[in-house]
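[1] would you be able to build a 3D model of this:
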Amino acid sequence: MAYEVVIGVEVHAQLRTQSKLFCACGTMFGLTANSQTCPVCLGMPGTLPVINEKAVEMAVRAGLALNGTIGMHNRFARKNYFYPDLPKGYQISQYESPICEQGWIDITVAGSQKRVRITRAHLEEDAGKNLHEAGSGMSLVDLNRAGTPLLEIVTEPDLSSSEEVVAYLKSLRDLLMYLDVCDGNMEEGSFRCEPNLSLRPVGQAAFGTKVELKNINSFKFVKDAVDYEIKRQTKVLNEGGKIYQETRLWNLDRGETAVMRSKEEAHDYRYFPDPDLVPLEISAEWIEQLRQALPELASTKQQRFITEYEVPEYDAGILTSSKALSLYFEACVGLYPHPKTVSNWVMGELLRELNHSGISADASPVTPERLVELLMLVDQGMISLKVAREIFPDVYASGKAPAQIVQEKGLTQVSDEGALVTIIQEVLGKNPSQVAQFKEGKQQVLGFLVGQVMKASGGKANPGKVNELLKKALG
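    Numbers count the residues shown, from 1 in each chain. I've put the predicted structure just below:
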């Protein structure tokens, strides 16, 4: 039987606040276990939570960028469940009154655009983290993350393939990073995604039983997990089996999903309004102020790059794939108004080194000024384009000025006509048959002779000058 794949996605994005959602403890990743805790986030009796205004601001900004409706009347609820990493025995979240509803985001897959509807985006606090010591039989709890502000973003079941899921996640992550409300680090858990997937016979209106996928910390693993689960559910249904509503973990080592627990329904959490937090009122004036202050987002910037800088759509897509890279590109163009040349270097030499180093453009040891210096050396005829590309890794690794590296390596291009004429005469004298062929009309021989001159000069001859002088010498 043919099945239709139906996928919705939940994302938990950690907001880039300095302190937690309801207390003043820090949110820095990787510190000593339980060093960023206090009586409030430890759930001690008698403590009272206080809302973090910055987290609310970031949530509103994200909701606006997602084209959503911001809830002016907010209420926090207690989501009750019992895990060792949840010290209060409940999680403070939003249930009936989320901060944002009914948004959307456009994605592009295989050249086609698709709109993904956002059901809701709401604030909630994170839980702690269970640490399982292999071989010891012990599990420890680190509560540094407990109380960290999260924005949970939930889609409608509008996706139908692993490619669409990845495209959505990348678009959402880029948007949140452009807003500077989330650092998007999947390995550290700042951007966590949970696809909810079901299958139904083609033409059937009712949804199938959904399965939630967890423990996925890269786009590649998201694609692998979704593809595996589609195959697994298809096989089960074709063999007459039943799909159970459950949460499944992605096992990277085995390349398969495995049951974690049966999936809870909303009523299982026994939501009720948190009596320790007063309702949160957001004014229309403040919402409008935040709307007006939204930065230029990736989709808008991409179109502007195409029209303003006349770079191809492919280039614009890469250049705006991160806020840092787009700012780097524009800084270069501001100093060197040749957008396509800059684009080629940023997408080629720079991105290769950045990807190898695992850093973003704003941390590049080659600043926009340094890159422009290198391009100017080519324009001035001091070095060839080939030499410029060869020394770029040295510029990146050393932090030295391009001109200094050129001088140290003795790579200054030879443009002196007298010196070049001498080399050309020597080359012509050693290759009389090629000279004769050229004079007989075989123009392609010129390339061979240019190559011989370049070789004789140790690659330092100015190619343009060589072509000009060779043609003159050959008559």
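[2] where does the protein dip in pLDDT?
    Along the chain, the model assigns pLDDT under 70 to residues 263-266, 411, 413-416, 459.
[3] let me see the domain layout of it.
    3-286, 296-409, 417-474 (automatic domain parsing).
[4] now render those as a markdown table, adding mean neighbour count.
    Every C-beta, even on glycine, is put in place using the N, C-alpha and C of the backbone. Output for the domains of the chain, formatted as a markdown table (neighbours: other Cβ atoms under 10 Å):
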| stretch | mean neighbour count |
| --- | --- |
| domain 3-286 | 17 |
| domain 296-409 | 17 |
| domain 417-474 | 15 |
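[5] how about K340: what's its closest non-neighbour residue?
    V311 (5.9 Å; Cβ to Cβ, 6 or more residues apart in numbering).
[6] does the one you found lie in a helix or a strand, and which?
    Assigned by DSSP states H and E, V311 belongs to neither a helix nor a strand.
[7] repeat for the one 10 residues further on
    Using DSSP H and E, S321 falls within no helix or strand.
[8] surely it meets K301?
    No: with contact defined as Cβ atoms under 8 Å, S321 does not reach K301; the gap is 10.4 Å.
[9] ok, back up a step: measure the residue nearest to K340 to V346 for me?
    Noted for V311: a distance of 10 Å to V346, by Cβ to Cβ, to the nearest Å.
[10] okay, and the common contacts of the two?
    Contact criterion Cβ atoms under 8 Å, 6 or more residues apart in numbering; residues shared by V311 and V346: L319.
[11] re earlier: wait, the residue nearest to K340 touches Q302, no?
    No: counting by Cβ under 8 Å, V311 does not reach Q302; the two are 9.8 Å apart.
[12] what touches both of those two?
    L319.
[13] would you map the strands across the stretch 101-250 of the chain?
    Under the criterion DSSP state E, counting those that start in this stretch, the stretch 101-250 of the chain contains strands at 112-125, 129-133, 138-142, 149-155, 191-201, 211-214, 246-251.
[14] reformat the ones you listed as a markdown table; add distance to Q380.
    Below are the strands of the stretch 101-250 of the chain laid out as a markdown table (distance: least, Cβ to Cβ, whole Å):
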| stretch | distance to Q380 |
| --- | --- |
| strand 112-125 | 44 |
| strand 129-133 | 56 |
| strand 138-142 | 57 |
| strand 149-155 | 50 |
| strand 191-201 | 45 |
| strand 211-214 | 56 |
| strand 246-251 | 54 |
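[15] which of these sits closest to Y3?
    strand 191-201 (4.2 Å; Cβ to Cβ).
[16] what packs against that closest one?
    strand 3-14, helix 162-179, strand 211-214, helix 219-238 (3 or more Cβ pairs under 8 Å, 6 or more residues apart in numbering; DSSP states H and E).
[17] show me where the stretch 251-400 of the chain has its helices.
    If DSSP state H, counting those that start in this stretch is used as the criterion, the helices of the stretch 251-400 of the chain fall at 284-292, 298-308, 313-319, 323-335, 339-345, 351-357, 368-379, 385-398.
[18] pipe those into CSV and attach distance to V154 per row.
    Output for the helices of the stretch 251-400 of the chain, formatted as CSV (distance: least, Cβ to Cβ, whole Å):
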stretch, distance to V154
helix 284-292, 21
helix 298-308, 21
helix 313-319, 27
helix 323-335, 25
helix 339-345, 37
helix 351-357, 32
helix 368-379, 39
helix 385-398, 42
